[in-house]
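S.K.: Sharing a model prediction with you, sequence too.
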Amino acid sequence: MTELNPTFCRRLLTAYLIATEDRPSVPSLMRLTGWPRRTLQDIIKALPGMGIELHFQQDGVRNNDGYYRIEQWGPINLQWIESHHRDLEQLLGVTPAP
């Protein structure tokens, strides 16, 4: 894989996890990646700037009860991410969940 910007790779991997995990929330993404809450919040906030349309699905009374889901990938090629997500995890030092 050619050298990619780690910030861009974190965004791609986070979007992939949001798309493939069951009910992905910031706490669940923290468990999967080992990244701090603030880092994940910043990444999620940056995804629309890449053309990825996502929504927070409220699932309870509290503001933070719920999960994210991707509505549109925009210019991002999901198939590329699916075939390279292990490379992204390795590049970023993320241990895949069992």
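M.R.: Sure, I can see it. In this text, all values refer to a predicted model and were calculated from it rather than measured experimentally.

S.K.: At which residues are the strands of the protein located?
M.R.: Assigned by DSSP state E, the chain shows strands spanning 53-58, 66-72.

S.K.: what's next to the last one, contact-wise?
M.R.: Read that as strand 66-72. 15, 18-19, 23-25, 28, 44, 51-60 (C-beta atoms under 8 Å, 6 or more residues apart in numbering). Where C-beta positions appear, they are placed from N, C-alpha and C, glycine not excepted.

S.K.: which residues touch the residue nearest to the spatial centre of the chain?
M.R.: Centre of the chain computed as the mean C-alpha position; nearest residue by C-alpha atoms, centre = their mean is residue 14, 1.5 Å away. Residues counted as contacts of residue 14 (C-beta under 8 Å, 6+ apart) are 29, 33, 40, 43-44, 47.

S.K.: that older thread, just the buried members of the contacts of strand 66-72?
M.R.: For the contacts of strand 66-72, a burial check counting by 16 or more other C-beta atoms under 10 Å picks out 15, 18-19, 24-25, 28, 44, 52, 54.

S.K.: Of the contacts of residue 14, which is the nearest to residue 93?
M.R.: residue 33 (9.3 Å; C-beta to C-beta).

S.K.: what's the neighbour count on that closest one?
M.R.: Counted by other C-beta atoms under 10 Å, the residues lying close to residue 33 total 21.

S.K.: what's the closest residue to it other than its chain neighbours sitting at in phi/psi?
M.R.: Spatially, and ignoring its direct neighbours in sequence, residue 33 is nearest to residue 94 (5.1 Å; C-beta to C-beta, 6 or more residues apart in numbering). Residue 94 adopts backbone torsions of phi -90, psi 130, taken as degrees, to the nearest 10.
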